[in-house]
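S.K.: fold the following, please.
(2 chains)
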Number of protein chains: 2
Amino acid sequence: MARILARDLKDHIGSPVSISGWLHKKRLLGGLTFINVRDRSGLTQVLIEDKDEVEKLRGMQLGTVLSVTGNVVAEERAPGGAEIHEGVVEVLTPVTYESPIEIDKAISHQAEHLDTLFEHRVVSLRNIREQAVFRIQAAVKEAVRTYLRSQEFVEFNSPKLLPGSTEGGAEVFKLDYFGKEATLAQSAQFYKQMMVGVFERAYEINPTYRAELSATTRHMTEFIHIDAEMGFVNFDELLNLLGELLHTVVESVYQSEATSLALWKSAKPLVPVKVPRLKLEDIHTMYEKATKQTVTDFKDLTPSEEKWVCEYAKKELGSDAVLVTHWPASEMKFYHRLDATDSRYTERADLLFCGVEIATGSMREHRYDVLVDQLVKKTGADITHPGFHYYLQAFKHGMPVHGGFGMGLERLTQKIISLANVKEASLFPRDINRLAP
Amino acid sequence: MARILARDLKDHIGSPVSISGWLHKKRLLGGLTFINVRDRSGLTQVLIEDKDEVEKLRGMQLGTVLSVTGNVVAEERAPGGAEIHEGVVEVLTPVTYESPIEIDKAISHQAEHLDTLFEHRVVSLRNIREQAVFRIQAAVKEAVRTYLRSQEFVEFNSPKLLPGSTEGGAEVFKLDYFGKEATLAQSAQFYKQMMVGVFERAYEINPTYRAELSATTRHMTEFIHIDAEMGFVNFDELLNLLGELLHTVVESVYQSEATSLALWKSAKPLVPVKVPRLKLEDIHTMYEKATKQTVTDFKDLTPSEEKWVCEYAKKELGSDAVLVTHWPASEMKFYHRLDATDSRYTERADLLFCGVEIATGSMREHRYDVLVDQLVKKTGADITHPGFHYYLQAFKHGMPVHGGFGMGLERLTQKIISLANVKEASLFPRDINRLAP
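M.R.: So this is what the prediction gives:
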């Protein structure tokens, strides 16, 4: 008999069917044996009455792969409104090792249990609620691509093996490349700018590497970054696009992944098409006034300020997202552009979402001479180094006014689901303490 | 005046418009100055009559970023059937450096010119025909995703930083990971199999790393790999899916990228929904008979055999693709499954396309005990090593019959366009001699 999927069971009420999957749960109830079988579409409840059939399951642990044939009966209390009766079992892959995780129950995501969750990730992902995180993430990724494609961004792949570190800092992984030193890309910044000279609008979603020395709830050593860059736009247009991207992704994911989101009781965040904007200085002032805390660093936002301003925006502006503008010129990176109307600021904005920064966008300096000047003065870089030479080549041969943004896929997923630690939104997270599974 | 794109010019005949882009070509013709302006949608031809306007372009090299306003006039000989007359120029980013590549002419892809092409990649990609390669590649990637999604594969991201080399060989990049040794993933093999235990069907398209010691036309050190794996299928179903994927991708790309493919005079390959299958032994025999060459290695196909059998299949079987089956058991990898009906063979197939292998698919050993036995006997591996431990965990806790395949994105793109070297289909190729741009 041809296999059907769990989700199609209700279309076969009154008929015999065959399902295949993993033994997900097994229990005895008043002399009857109930099992749940998991396949890619969900769970099927099966009632096994026959003693010989029950016997086949003796000693079989969760995870055992099996086929069950039987008759479909309407049953309101079963997942999907139907279950299989008179189940006849065929064990396909017997499992005799006990599962290290109770995959049929909600797995704790409390900070002190995360290490266990990750250590047994290969098995814990078989839990339906854990799977949901990554079904949602796949939908987020697809929604980002769909939106960027609709705005005529061309997808590209930039190399992650680079001839040297260009953005500075100790946070770079180095490796031996046939006797030369190579580094792993800390960002796609230079390549996405080069691609503006080619496609005008370009994006990639790819792994990015940072040798983060501390294990925080916000950082990993390997993560997936959404990098987009566009030419012939001004700052206002760039921020509109970034806000609309978030709005569209949230709308799309809450539409397509309702079932998975429900498992996390995830309330739909408020993201208006036009995300509200606040100036960095104003946030500092409002924060001090509201919390009676003293701000010591006016050049950045502390995590508690990020949290506070998101709560403020939700309450007062009807948005779980805020664009923070007017960052001080003193903090600018060499490739940022100064605000032409007020040189105290750079044309940069951070996108905060549900309490944390998920993206940074900015306009870039597009004039070759000014860029070289900023690069040399700010970093002391050798512009003939291959890490800079080819990047600068794009500007030497003509770059338009342009800007772009980078957004962490895991952070975005994390905030949509309201997970406390970004690692919970990484399939196999990497940090200073964890390099496996 | 609001900017319009080159492709929309013909909708504005008789009206004044403004375009923005890069100076792509400049020529004098009978006292008139013609320029081509490139934007993300293509080229616009502009006629500049006024001397003051012509003067603005003096010394301006290709790549100069400019806006032009003028009146749209129907002109059959211009790209898109219209051009701008009485052009008024505004130079936005002047370029005074001469372009190292003539971007308005077809750039040579002859073997001896490839190094120049790559060295100036940042500029050479501004050539419309070069761009076409990567527009096609983006469409290939999207078509692969669309097909796999339609078959209920869930997209995932596996880590590329690994705790050790598991597939053996010297071709592994090693790096220092906070004092421990890490390696860069040579394949997603283990992770995609683990994901069968989670989603039943899963795929990723991500960078992969091999420290290839020789610079060939077939290999790079960093490339994009399509990895897909599915549970509860047999070999026949797996091969059907792999063939249908190729068929669907070719159909989709020749539909959506007709303009880009035309620039490469790329004839649509023949890929029937059901790709023909040939046995390895039969190919050897036919090849010897047809070419009078002697086959010395019966366990593999030489590049010339691959080429020959593709020509044979095109002529005799009406297909540019062939699935080569019946690979000898002696050559199997530890995770392959022996053919249950004939243990001389493994259930593996190589997919050849237009003369070269672009994918390998196989059924995997899914029984924990047999897999451990094959692993230890074939590789001598320490199964407690984190590189194996977590992989085996998936099997210990139940894996169904499953199989999958891996396909190189660049090779697939290369063969669709008929490029001679796989590096021509990599945006910024990496090999033993090249780590930049």
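
S.K.: buried ones in stretch A:70-81?
M.R.: Within stretch A:70-81, the residues scored as buried using 16 or more other C-beta atoms under 10 Å in any protein chain shown are A:Gly70, A:Asn71, A:Val72, A:Glu75, A:Ala78, A:Pro79, A:Gly80. Backbone N, C-alpha and C define where each C-beta goes, glycine included.

S.K.: next: stretch A:235-255.
M.R.: Residues of stretch A:235-255 classed as buried by neighbour count (16+ other C-beta under 10 Å): A:235, A:238-250, A:252-254.

S.K.: now that stretch: average pLDDT?
M.R.: Per-region confidence: stretch A:235-255 scores 98 on mean pLDDT.

S.K.: mind listing residues that contact it?
M.R.: Residues outside stretch A:235-255 that contact it (C-beta atoms under 8 Å, 6 or more residues apart in numbering or on different chains) are A:136, A:139-140, A:143-144, A:146-148, A:151, A:230, A:233, A:261, A:268-269, A:271-275, A:277, A:321, A:323, A:325, A:347, A:349, A:351, A:353, A:359, A:361, A:363, A:403-405, A:412, A:416.

S.K.: per-residue pLDDT, A:Thr166?
M.R.: At A:Thr166, pLDDT is 67.

S.K.: repeat for A:Ala182
M.R.: Note for A:Ala182: predicted pLDDT of 95.

S.K.: helix, strand or coil for A:Gln288?
M.R.: No, residue A:288 isn't Gln; it's Glu. Assigned by DSSP: H, G, I helix; E, B strand; the rest coil, the conformation of A:Glu288 is helix.

S.K.: give the rounded mean pLDDT of stretch A:266-279.
M.R.: 96.

S.K.: kindly report the same for stretch A:343-360.
M.R.: Across stretch A:343-360, the average pLDDT comes to 97.

S.K.: out of the buried residues of stretch A:70-81, what pair is the most spread apart?
M.R.: A:Asn71 and A:Pro79 (17.2 Å; C-beta to C-beta).

S.K.: A:Glu142 and B:Glu155 touch, don't they?
M.R.: Yes: assessed by C-beta atoms under 8 Å, A:Glu142 is found in contact with B:Glu155 at 7.3 Å.

S.K.: quick check: neighbours shared by these two?
M.R.: B:Arg145, B:Arg149.

S.K.: what segments of the stretch 101-250 of chain A are strands?
M.R.: A:154-155, A:161-162, A:174-177, A:180-184, A:201-209, A:222-231 (DSSP state E, counting those that start in this stretch).

S.K.: mind listing what's buried in the fourth one?
M.R.: In terms of neighbour count (16+ other C-beta under 10 Å), strand A:180-184 has its buried residues at A:Ala182, A:Thr183, A:Leu184.

S.K.: what sits against the last one?
M.R.: Going back to what we said before, that points to A:Leu184. A:Lys160, A:Leu161, A:Leu162, A:Val172, A:Phe173, A:Leu175, A:Tyr209, B:Leu175 are the contacts of A:Leu184 under C-beta under 8 Å, 6+ apart.

S.K.: could those residues go into a markdown table alongside pLDDT and distance to A:Leu427?
M.R.: Below are these laid out as a markdown table (pLDDT from 0 to 100; distance: C-beta to C-beta, whole Å):
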| residue | pLDDT | distance to A:Leu427 |
| --- | --- | --- |
| A:Lys160 | 98 | 18 |
| A:Leu161 | 98 | 23 |
| A:Leu162 | 96 | 25 |
| A:Val172 | 94 | 24 |
| A:Phe173 | 96 | 20 |
| A:Leu175 | 94 | 23 |
| A:Tyr209 | 97 | 16 |
| B:Leu175 | 94 | 21 |
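
S.K.: out of those, which comes closest to A:Tyr97?
M.R.: Using C-beta to C-beta, these come closest to A:Tyr97 at B:Leu175, 34.0 Å.

S.K.: and the closest one, how far from chain A?
M.R.: Note on B:Leu175: its distance to chain A, by C-beta to the nearest C-beta, to the nearest Å, is 4 Å.

S.K.: show me which residues of stretch A:406-423 are buried.
M.R.: So stretch A:406-423, judged by 16+ other C-beta under 10 Å, has buried residues A:406-417, A:419, A:421-423.

S.K.: my bad, should have said stretch A:59-66
M.R.: A:Met60, A:Gln61, A:Leu62, A:Gly63, A:Thr64, A:Val65, A:Leu66.

S.K.: next one: stretch A:296-311
M.R.: A:Leu301, A:Glu305, A:Glu306, A:Trp308, A:Val309, A:Cys310.

S.K.: also stretch A:318-336?
M.R.: So, applying 16+ other C-beta under 10 Å, buried residues of stretch A:318-336: A:319-327, A:332-336.

S.K.: I am finished for the moment; much appreciated.
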